[in-house]
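>>> Turn this into a structure:
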Amino acid sequence: MVRLISIGSGYRPITLGVMQFQQLQYFVAVAETRHFTRAAELVHVAQPSLSQQIRSLERELGADLFLRARGNITLTDAGEALLPLARRILADADTARQEVQELAHLRSGRVRLGATPSLCTGLLPDVLRAFHDRYPGIRLMIEEGGSHDLVRELARGALDLALVVLPLPAPAPALTTVELLREDLVVVSSPDARRPGRGRTVRIADLEGERMVMFRHGYDLRELTVAACRAEGFEPDFAVEGGEMDAVLGFVRAGLGVAVVPDMVARRAGGDLRVTPLARPGLSRTIALAHRSDVAPPRAARELQRMLLR
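The predicted structure follows:
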């Protein structure tokens, strides 16, 4: 296999055989640990052997990849250019290995799925239980994160699939997305607290002056809620901010304030929360299933994709 990797001002063909893949693994390990000895321990090789392979890779590329000062290892410009490419090559190779090793009837393998914490709480438990019952030999590896983080992990090959909120953050890499569902958002509060608004529904404008429990920065629900409040002409008043979904629900139960969450999450949270729908037109968000456009998901991931979309 030959790839053209741009280092400096030109392109240099590199034949990625067994040793070359090892060199890329060693290079990534050093880049991530910024320490040759710790990198060697990470990849289970003697430190002199790792250093020799790094030097061999640098000779092949015709460029230094690291600036080596006593106690301080940093990437050169060439190293910075190579790092995302090396990570992607290694991730693609690992995906290919998993695909080949899967047995014909999906008795082994893995699926790396990313999802926002609210979807991990609301949508995924039942789907993953059905998938596990059907394919008990498939390992399910779940990564929780915001859509921005999940898109980045998809792009670098660290995930097979991800459930993300549309529209994708710009600039988005080349991903294939299929709309999965549209979630309505509701207001949750402690049963002992005064109900926001005056009727069976609550308007966004009724949240002005309400103490709110808010998610951390970068969280899709935070951005959506804050934008809706500003569209009504006010800034939300945060009693607590910075939590993930479980923490936010816990703070609401404790009576610290109200929060805007997906209806699916609120219904699964139990009867210790008051759930109030938003008055029309309300708020909603669109969830899509995404994967890289240039690489087909492994077979086990495609089966989970089929179960999510049906």
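
>>> Any idea how many residues pack against Pro167?
11 (other CB atoms under 10 Å). All C-beta spots, glycine's among them, are computed from the backbone N, C-alpha and C.

>>> Which residue ranges of the stretch 151-300 of the chain form strands?
161-166, 175-189, 211-215, 237-243, 259-262, 274-277, 284-292 (DSSP state E, counting those that start in this stretch).

>>> Can you name the residues in contact with the fourth one?
Right, strand 237-243. 209-217, 222, 251, 256-257 (CB atoms under 8 Å, 6 or more residues apart in numbering).

>>> Give the buried subset of those as a ChimeraX selection command.
Here is the ChimeraX selection string for the buried members of these, based on 16 or more other CB atoms under 10 Å:
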select :210,212,213,214,215,222,251,256,257
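
>>> which one of the contacts of strand 237-243 is nearest Leu168?
Nearest to Leu168, judged by CB to CB, of the contacts of strand 237-243 is Arg222 at 17.3 Å.

>>> Which pLDDT value belongs to Lys101?
Not Lys; residue 101 is Gln. In this model, Gln101 is scored at 63, pLDDT.

>>> make that Leu207, sorry
94.

>>> Next, count neighbours for it.
Leu207: 23 neighbours (other CB under 10 Å).

>>> My read is that it contacts Pro236, right?
Yes. Contact criterion CB atoms under 8 Å: Leu207 and Pro236 qualify, at 6.7 Å.

>>> residues shared between the contacts of those two?
Counting by CB under 8 Å, 6+ apart, the residues touching both Leu207 and Pro236 are Cys229.

>>> Setting aside sequence neighbours, what's the nearest residue to Val261?
Leaving aside its sequence neighbours, Val261 sits nearest to Val188 (CB to CB, 6 or more residues apart in numbering; 5.6 Å).

>>> dump the residue contacts of the one you found.
Per CB under 8 Å, 6+ apart, neighbours of Val188: Leu249, Val252, Val258, Ala259, Val260, Val261, Ala266, Ala269, Leu273, Arg274, Val275, Thr276.

>>> now swap in Pro262 and tell me
Contacts of Pro262 by CB under 8 Å, 6+ apart are Ser118, Gly122, Glu183, Asp184, Leu185, Val186, Leu221, Arg285.

>>> Compare these and tell me which has the most neighbours.
Ser118 (28 neighbours).

>>> so it is in which element?
For Ser118, the host element (DSSP states H and E) is helix 117-122.

>>> I'd like to know which elements that helix is packed against.
strand 138-144, helix 245-253, strand 259-262, helix 263-268 (3 or more CB pairs under 8 Å, 6 or more residues apart in numbering; DSSP states H and E).

>>> Need the worst-confidence member of the contacts of Pro262.
Within the contacts of Pro262, pLDDT is lowest for Gly122, at 78.

>>> pLDDT value on the residue most central in space within the chain, please?
The centre of the chain sits closest to Leu150, judged by CA atoms, centre = their mean, with a distance of 2.4 Å. Leu150 carries a pLDDT value of 92.

>>> can you list the residues that contact the one helix or strand it maps to?
For Leu150, the host element (DSSP H and E) is helix 147-155. Residues from elsewhere that reach helix 147-155, judged by CB under 8 Å, 6+ apart: 114-116, 143, 145, 159, 162-165, 168-169, 172-173, 175, 218, 220, 290-292.

>>> all strands for the stretch 1-150 of the chain, in order.
2-7, 10-15, 66-69, 72-75, 109-115, 138-144.

>>> Show me how far the last one is from its chain's centre.
Same thing as strand 138-144. The chain centroid and the centroid of strand 138-144 are separated by 12 Å under CA atoms, centre = their mean, to the nearest Å.

>>> packing partners for it?
Where contact means 3+ CB pairs under 8 Å, 6+ apart, strand 138-144 is packed against strand 109-115, helix 117-122, helix 124-134.

>>> so how far is Ala91 from the nearest residue to Val178 once chain neighbours are set aside?
Sequence neighbours aside, Leu289 is the residue nearest to Val178 in space, at 5.1 Å (criterion: CB to CB, 6+ apart). Separation of Leu289 from Ala91 (CB to CB, to the nearest Å): 19 Å.

>>> Please apply the same query to Leu308.
On the measure of CB to CB, Leu308 and Ala91 end up 22 Å apart.

>>> and what of Leu67?
The value you get for Leu67 to Ala91, if CB to CB is used, is 26 Å.

>>> which residues touch stretch 130-137?
Residues from elsewhere that reach stretch 130-137, judged by CB under 8 Å, 6+ apart: Leu106, Arg107, Ser108, Gly109, Ile138, Leu140, Ala300, Glu303, Leu304, Met307.

>>> What is the nearest of those residues to Gly71?
Distances from Gly71 to these, taken by CB to CB, are shortest for Leu140, at 41.1 Å.
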